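# Kindly generate the corresponding structure for this input.
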Amino acid sequence: MKKHIVSIFLFTALAIGFIGCKNSGKVLLPNVGGKAGEVVVVIDRDAWEGNLGNEVRNLLTRDTEFLPQREPLYNLITITPSSFSDLFKYHRNILLFNIDPQVEKQGVEYRNNVWAQPQCVIQVNAASPDSAIAVIGKSGEIITGAIEQAERNRIIVNTLMYEEPSLYPVVEKMIGAKIHFPIGYHLKKATDDFIWIADEKQYTIQGVFVYKYPATLGDQEFTEENIIAKRNEVLKKNVPGMFDNTYMITSPFITPGVKFLRYLGRDFAETRGLWEVYNDYMGGPFVSHSFYSLDGKEVIVAEAWVYAAKYDKRQYLRQVESLLYSFEWSNE
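Presented below is the predicted three-dimensional model:
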């Protein structure tokens, strides 16, 4: 597993900056504004209407992967530098373009809490629009990763402020680690090797599964085929549908995607795909983290999933997925 891992050290630094950041007392910053999933892009009009604007839109408004319908990765608000007033400086996510022939060092700067908190500010420095396109091409995935982790970190901070304290001990007892849940989530099922926790409203469900099984396959443990086979086996046993002979499975119509990541020192396989209920019409997106127990004898899976038939699902999934990033081993 480790030889395929992509290090996300930048996102780790951002996580520490957001979750652990405390005001020194010298300056008290206002709280950020704007909606979740929004990014303010500060850029000259000509650049926005040209090739650079196309590149930025292709990066930030591309389709979110593994959703049942098309939804952009982020919603954009574009502002010219002369219109970048305090109102927009307080936004949660800001992407600034500093395009100037006098720029000596081209690249990307990442900063937290410049005008408000908790804020993510990313500045692209380039001598020309074409140079900025080259910078975006090289650093685009790091830029979106930084924004994504900033969004997660805000959710985690709110979760810890308004936590449902009865839930993390249930997870801790089974796997020796904590996952934090906000008020509104409740325990639906707990066995020796499976936990189901959910926030159920009239038209939406945000759910988390935590389960484990023996690690017996060595290098094949975290292949897409094995992750999905184990997932289907566990969910068939533990997650029945509303009617006889119905249960949750992985949708066979879209092949799930697996990435290997490292976050805050923990290695895991991230799997994204769609779920459905066998012999029924329910479905939605899911994302799971699969990793070894501390002793290496078991595989632990923490999974977030959403049912929201009447609504767009991007933000619902982002909210519940963020809870997986609150994971912490109990002995650390």
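
# Every contact and neighbour count from this point should use C-alpha atoms.
OK.

# count of neighbours near E328?
Residues contacting E328 under the criterion other Cα atoms under 10 Å number 16.

# The top strand by length along the chain - which strands sit beside it in the sheet, and in what orientation?
Scanning the chain for the longest strand, with DSSP state E as the assignment, gives strand 266-278. Strand 266-278 has these partner strands in its sheet, going by DSSP bridges: strand 247-250 (antiparallel), strand 257-263 (antiparallel), strand 283-292 (antiparallel).

# residues of that strand that come out buried?
267-278 (16 or more other Cα atoms under 10 Å).

# same deal with stretch 281-298?
Per 16+ other Cα under 10 Å, stretch 281-298 contains these buried residues: 283-293, 298.

# In JSON lines, list the strands paired with strand 266-278 along with mean pLDDT and distance to S326.
Putting those into JSON lines (pLDDT from 0 to 100; distance: least, Cα to Cα, whole Å) gives the following:
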{"stretch": "strand 247-250", "mean pLDDT": "98", "distance to S326": "25"}
{"stretch": "strand 257-263", "mean pLDDT": "96", "distance to S326": "11"}
{"stretch": "strand 283-292", "mean pLDDT": "98", "distance to S326": "12"}
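
# closest one to V208 among these?
strand 283-292 (9.2 Å; Cα to Cα).

# Next, the residues that contact that closest one from outside, please.
66-68, 215, 222, 227, 267-277, 298-309, 313, 317, 321, 324 (Cα atoms under 8 Å, 6 or more residues apart in numbering).

# And for stretch 106-121?
14, 17-18, 29-32, 89-96, 122-127, 135, 139, 146-147, 150, 154.

# out of the residues you listed, which are inside strands?
93-96, 122-126.

# Can I get these in JSON lines including neighbour count and distance to M161?
JSON lines is the format used below for the ones in strands among the contacts of stretch 106-121 (neighbours: other Cα atoms under 10 Å; distance: Cα to Cα, whole Å):
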{"residue": "N93", "neighbour count": "30", "distance to M161": "21"}
{"residue": "I94", "neighbour count": "24", "distance to M161": "25"}
{"residue": "L95", "neighbour count": "22", "distance to M161": "28"}
{"residue": "L96", "neighbour count": "21", "distance to M161": "31"}
{"residue": "I122", "neighbour count": "20", "distance to M161": "27"}
{"residue": "Q123", "neighbour count": "18", "distance to M161": "30"}
{"residue": "V124", "neighbour count": "20", "distance to M161": "34"}
{"residue": "N125", "neighbour count": "22", "distance to M161": "37"}
{"residue": "A126", "neighbour count": "24", "distance to M161": "40"}
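
# Would you point out the most distant pair within those?
N93 and A126 (20.1 Å).

# Quick check: the farthest pair among the buried residues of stretch 281-298?
Pairwise distances across these peak at 29.7 Å for G283 and S293 (criterion: Cα to Cα).

# For the stretch 151-300 of the chain, which segments are assigned as helices?
Here the stretch 151-300 of the chain has its helices, by DSSP state H, counting those that start in this stretch, at 168-175, 224-238.

# Show me what counts as buried in the longest one.
Counting neighbours by 16+ other Cα under 10 Å, one finds that the buried residues in helix 224-238 are 224, 227-228, 231-232, 234-236, 238.

# From the residues you listed, pick the one nearest I197.
N238 (12.4 Å).

# burial count for E49?
When counting by other Cα under 10 Å, one arrives at 11 neighbours for E49.

# where does the protein dip in pLDDT?
Applying pLDDT under 70 to the chain flags residues 1-27, 332.

# Can you give me the distance of the residue of it most remote from its centre to A126?
Distance from the C-alpha centroid of the chain peaks at Q102, with 36.7 Å (Cα atoms, centre = their mean). Q102 sits 9 Å away from A126, going by Cα to Cα, to the nearest Å.

# next one: E109
Counting by Cα to Cα, the gap from E109 to A126 is 11 Å.

# repeat for E151
For E151, the distance to A126 equals 26 Å [Cα to Cα].

# quick one, strands of the stretch 1-150 of the chain?
Taking DSSP state E, counting those that start in this stretch as the criterion, the stretch 1-150 of the chain carries its strands at 6-7, 38-42, 75-79, 93-99, 107-112, 120-126.
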